[in-house]
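> Structure for the following, please:
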Amino acid sequence: MAYWMGGQLHDPKGELTKAPELPDVVSFDIADGEFSFYTQEQFEGLIAQWRDDLYDEGGIEDDYELDDETVIEMTFGDEFFWEWLPKEVK
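So this is what the prediction gives:
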């Protein structure tokens, strides 16, 4: 299992490095207690979908007025954490 230690991502079993494409983003959702991994394109697509959902629900007036951080906060509150992953895996 991949893990963080000393500010670096370690992958002793090669689980991430054997993947066809290394993930760019890791997220943790407190509501379901799970980590998820995304490529940059997948994560940007999710943010666009969440932005559209906020617009459709009337939460925002202009669907492009908010930065990504604000969209995530308005969608999940304090229950969603995410971070860009380093490209170098030890």
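> Bridged to D29, which residues?
E34, F80 (DSSP bridges).
> Tell me the secondary structure at W50.
helix (DSSP: H, G, I helix; E, B strand; the rest coil).
> ok, and the closest non-adjacent residue to it?
T75 (4.5 Å; Cβ to Cβ, 6 or more residues apart in numbering). (Each C-beta comes from the backbone N, C-alpha and C, glycine too.)
> Quick check: phi and psi at T39.
Per-residue torsions, T39: phi -80, psi 170 (degrees, to the nearest 10).
> From L46, how far off is it?
11 Å (Cβ to Cβ, to the nearest Å).
> I'd assumed the residue nearest to W50 was in a helix, is it?
Yes: under three-state DSSP, T75 sits within a helix.
> Run a quick neighbour tally on it.
17 (other Cβ atoms under 10 Å).
> Next up, the contacts around it.
Residues near T75 by Cβ atoms under 8 Å, 6 or more residues apart in numbering: 50, 53-54.
> change it to 10 Å
Shown in contact with T75 (Cβ atoms under 10 Å, 6 or more residues apart in numbering): 46-47, 49-51, 53-54, 59.
> What ranges in the protein fall below the confidence cut-off?
Within the chain, the stretches with pLDDT under 70 are 1-10, 13-21, 59, 62-64, 88-90.
> Can you identify each of the helices in this protein by residue range?
Taking DSSP state H, the helices of the chain run over residues 40-56, 68-76.
> and the last one with helix 40-56, angle?
In this case it means helix 68-76. 60 degrees (axes from the mean of the first three to the mean of the last three Cα atoms, to 10 degrees).
> how much distance is there from helix 68-76 to the middle of the chain?
11 Å (Cα atoms, centre = their mean, to the nearest Å).
> nearest residue to Q42 other than its sequence neighbours?
In space, Q42 is closest to V25, 8.0 Å off (Cβ to Cβ, 6+ apart).
> I figured the one you found hits L46, correct?
Yes: counting by Cβ atoms under 10 Å, V25 touches L46, with 9.2 Å between them.
> if I look at the two, which residues touch both of them?
Common neighbours of V25 and L46 (Cβ under 10 Å, 6+ apart) are 36, 38, 82.
> Using neighbour counts, give me the buried entries of those residues.
36, 38, 82 (16 or more other Cβ atoms under 10 Å).
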